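Q: Next input, structure requested:
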Amino acid sequence: MTLDELSKSLTKAPFPALSGNVYCIGRNYTDHVKELKNELPKEPVIFLKAPSALRTMESRPIACADESFHHEIELVLLIGKPIAMGQSADESAIQGITLGLDLTRREVQNDLKAKGLPWTLAKSFAGSGVLHPFVAFPKGKTLDFKLFVNNDLRQTGTSSDMIFDFNFILNFLLKYQDLHPGDIIFTGTPAGVAGFRQGDEFHFESKALGIDARGRL
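A: Predicted structure coming up:
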């Protein structure tokens with residue numbers, strides 16, 4: 001899908017169209033850091049996905065389709081206004097929010113990390129950023145979320161479990177670049193990542209966001 005087609009599916013008015021900037025926060029839940037035997041971060045771990053990695057919940061072509069991925073359910077933010085580098089920001093900058101999956105080629109990532117090489121191809125490939133349509137951001141609420149795969153509960157978390165909260169993430173990014181309307185930010189995943197293959201059914205659930213939706217990889 002083109003970025004324009006994705007915007008029509010995911011960010012209908014009054015939300016801004018997707019800008020193409022996709023920021024991702026790694027290691028933002030303590031239990032997930034521990035399950036992968038990583039060190040707890042002292043500041044957010046940032047990586048990027050290409051906009052061509054994004055897709056809707058409906059089954060679509062995916063790169064490396066014969067592989068088993070790790071699923072990582074995340075709260076995903078949609079920026080609603082321009083903010084210049086160096087300015088401060090709070091939750092008023094967030095217009096929309098949704099649930100998404102950051103798919104990871106874990107063995108590839110571990111191999112590249114061991115060699116000291118960038119691990120873009122473990123995180124950014126066609127179909128690796130799965131998104132439910134955005135909903136209005138509910139300011140000041142603790143946000144729950146769950147992921148079921150083939151009807152089995154795999155991951156559960158809340159926004160209060162994050163190491164770096166939404167405001168911290170926004171202001172950290174603003175040290176290094178402007179933020180634009182339509183930028184999206186994957187905010188990290190809780191523990192429970194596991195194998196996930198093309199054809200598997202998945203179910204997003206969040207009472208706080210009013211999301212209860214099913215899809216297929």
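Q: Would you check that L103 makes contact with S128?
A: Yes: contact between L103 and S128 holds when scored by Cβ atoms under 8 Å: they sit 4.2 Å apart. Backbone N, C-alpha and C define where each C-beta goes, glycine included.
Q: what is in contact with these two at once?
A: I62, F69 (Cβ atoms under 8 Å, 6 or more residues apart in numbering).
Q: Endpoints of stretch 173-190, how far apart?
A: Start and end residues of stretch 173-190 are separated by 21 Å (Cα to Cα, to the nearest Å).
Q: other SSEs contacting the least confident helix or strand in the chain by mean pLDDT?
A: None of the helices or strands of the chain scores lower by mean pLDDT, DSSP states H and E than helix 30-35, at a mean of 87. Using 3 or more Cβ pairs under 8 Å, 6 or more residues apart in numbering; DSSP states H and E, no helix or strand is in contact with helix 30-35.
Q: Mind listing what's buried along it?
A: H32, V33 (16 or more other Cβ atoms under 10 Å).
Q: Repeat that for stretch 206-217.
A: Under 16+ other Cβ under 10 Å, the buried positions of stretch 206-217 are S206, L209, I211, G215, L217.
Q: what do you get for stretch 94-110?
A: Those would be 94-106, 108-109, for stretch 94-110 by 16+ other Cβ under 10 Å.
Q: mind listing what the most centrally placed residue in the chain touches?
A: For the chain, F186 is the residue whose C-alpha lies nearest the centre (Cα atoms, centre = their mean; 3.0 Å). Residues counted as contacts of F186 (Cβ under 8 Å, 6+ apart) are V22, Y23, C24, I25, K49, E74, V76, G100, D102, G129.
Q: Which two among the residues you listed are spaced furthest apart?
A: Taking Cβ to Cβ, the two most distant members of the contacts of F186 are I25 and G129; they sit 13.4 Å apart.
Q: And for the chain, the residue most distant from the center?
A: Distance to centre of the chain, Cα atoms, centre = their mean, peaks at K115 (25.6 Å).
Q: Tell me which residues touch the residue nearest to F166 when sequence neighbours are not counted, please.
A: Leaving aside its chain neighbours, F166 sits nearest to E91 (5.9 Å; criterion: Cβ to Cβ, 6 or more residues apart in numbering). Residues in contact with E91 (Cβ under 8 Å, 6+ apart) are F137, K139, G140, F166, N167.
Q: And P41, by the same measure?
A: Here P41 is in contact with G26, R27, N28, V33, I163 (Cβ under 8 Å, 6+ apart).
Q: Now do the third one against E74, distance only.
A: Right, N28. 9 Å (Cβ to Cβ, to the nearest Å).
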